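Asks: No sequence on hand, only this structure:
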């Protein structure tokens, strides 16, 4: 067993993402999965909202003070910041990243919730990896060696399999075989895409940025990978005729919350972006169109 593999096991003990003792007992006490749950649009909480109305929680926000947290406070472990941030910055997309080693002898498939799309022309995605280049995760090693990957979006129908790829299996064990997921060929990269995925992206590495610990600058704590999307794959029943809109009721994406929690997306609301010419008809008579020094 490699040193990095042992470190991964130890890290899980320190982080303690699972807040339960016997998780299966806890899970059994919960309502069953609602297979009949349908995607639907709802109204906003306050469809009659007007300029200046502010929050719609009936003033609940006024009842509570805030506390400040110094992420570098003496005695505060870095894992506290990790647990705090992944419970606060939610929901997060999950980049289900597939890579292949340079010689083609090994593959890797793993979920990364430090993932986002940041540009559309060119299509640019970012994936955050824990640890440094000195001891890279298998996914990062493959990505930097080949400059290629696929990013697959996790949907409800293969959540369990996707989560299973995060198992701390030794190097060389196939995540594809362990989970029963299906590799599919790509056109521009050698790494396989996940055939079960409604949406997948063929990607090529543009750049990386390594981060150092504030407490110990000699320790590398993370790597940001910047990836250009060079080809998209969408299941035919999920895309519109113009090939520019995916149906969320078919995509059924899963999001990452804090700890070991995932989020299921079942409802959406629509709010048009306001146009100033219309907005000011209500804002100006109410005296809300103030200069910034007065209106903050």
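Replies: That came through, no problem. Only a predicted model underlies this, so the values are computations on that prediction, with no experimental measurement involved.
Asks: residues of stretch 282-290 that come out buried?
Replies: Neighbour-count burial for stretch 282-290, counted by 16 or more other Cβ atoms under 10 Å, picks out residue 283. No exception for glycine: its C-beta is placed from N, CA and C like everyone else's.
Asks: where's residue 151 relative to residue 24, distance?
Replies: According to Cβ to Cβ, to the nearest Å, residue 151 and residue 24 sit 31 Å apart.
Asks: So for those two, which sits in the more crowded spot?
Replies: Neighbour tally, residue 151 and residue 24, criterion other Cβ atoms under 10 Å: the higher count belongs to residue 151, 26 against 7.
Asks: Not counting its neighbours along the chain, what's nearest that one?
Replies: Closest residue in space to residue 151, ignoring its immediate chain neighbours: residue 201 at 4.5 Å, by Cβ to Cβ, 6 or more residues apart in numbering.
Asks: list the contacts for that neighbour?
Replies: Residues in contact with residue 201 (Cβ atoms under 8 Å, 6 or more residues apart in numbering) are 123, 125, 150-152, 229, 231-233.
Asks: The most centrally placed residue in the chain: what's it in contact with?
Replies: By Cα atoms, centre = their mean, the chain has its centre lying nearest to residue 93, at 2.6 Å. Taking Cβ under 8 Å, 6+ apart, we find residue 93 in contact with 113, 115-117, 153, 253, 255-256.
Asks: Which ChimeraX command selects the buried ones in the contacts of residue 201?
Replies: To isolate the buried members of these in ChimeraX, using 16+ other Cβ under 10 Å:
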select :123,125,150,151,152,229,231,233
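Asks: quick one: which of the contacts of residue 201 sit in strands?
Replies: Among those, the ones falling in strands (DSSP state E) are 123, 125, 150-152, 229, 231-233.
Asks: ok, back up a step: quick one: the residue nearest to the centre of the chain and residue 176, what's the gap?
Replies: Relative to residue 176, residue 93 is positioned 22 Å away (Cβ to Cβ).
Asks: cool, residue 103 as well?
Replies: For residue 103 relative to residue 176 (Cβ to Cβ), the value is 18 Å.
Asks: could you list every residue that touches the closest residue to residue 107 other than its chain neighbours?
Replies: Closest residue in space to residue 107, ignoring its immediate chain neighbours: residue 100 at 5.0 Å, by Cβ to Cβ, 6+ apart. Residue 100 sits next to 106-108, 142, 146, 148, 190-192 when contact means Cβ under 8 Å, 6+ apart.
Asks: Quick one, which of the contacts of residue 93 are buried?
Replies: Neighbour-count burial (16+ other Cβ under 10 Å) applied to the contacts of residue 93 gives 113, 115, 153, 253, 255-256.
Asks: List just the nearest of those residues to residue 131.
Replies: Ranked by distance to residue 131 (Cβ to Cβ), the buried ones among the contacts of residue 93 are led by residue 113 at 15.3 Å.
Asks: From residue 70, how far out is the closest one?
Replies: Here the criterion is Cβ to Cβ. By it, residue 113 lies 25 Å from residue 70.
Asks: Let me know the secondary structure of the residue lying closest to residue 148 once chain neighbours are set aside.
Replies: Distance criterion Cβ to Cβ, 6+ apart; nearest residue to residue 148, sequence neighbours excluded, is residue 189 at 3.9 Å. Following DSSP: H, G, I helix; E, B strand; the rest coil, the label given to residue 189 is coil.
Asks: Same question for residue 281.
Replies: Following three-state DSSP, residue 281 is assigned to helix.
Asks: Number of residues surrounding it?
Replies: The burial count for residue 281: 10, using other Cβ under 10 Å.
Asks: Give the burial count for residue 214, as a bare number.
Replies: Neighbours of residue 214 under the rule other Cβ under 10 Å: 11.
Asks: ugh, typo on my part, it should be residue 182
Replies: 14.
Asks: and the closest residue in space to it that isn't next to it in sequence, what does it touch?
Replies: Using Cβ to Cβ, 6+ apart and skipping the chain neighbours, the partner closest in space to residue 182 is residue 195 (4.0 Å). By Cβ under 8 Å, 6+ apart, residue 195 lies in contact with 181-184.
Asks: Residue 185 versus residue 195, what's the distance?
Replies: Distance of residue 195 to residue 185, computed by Cβ to Cβ: 9 Å.
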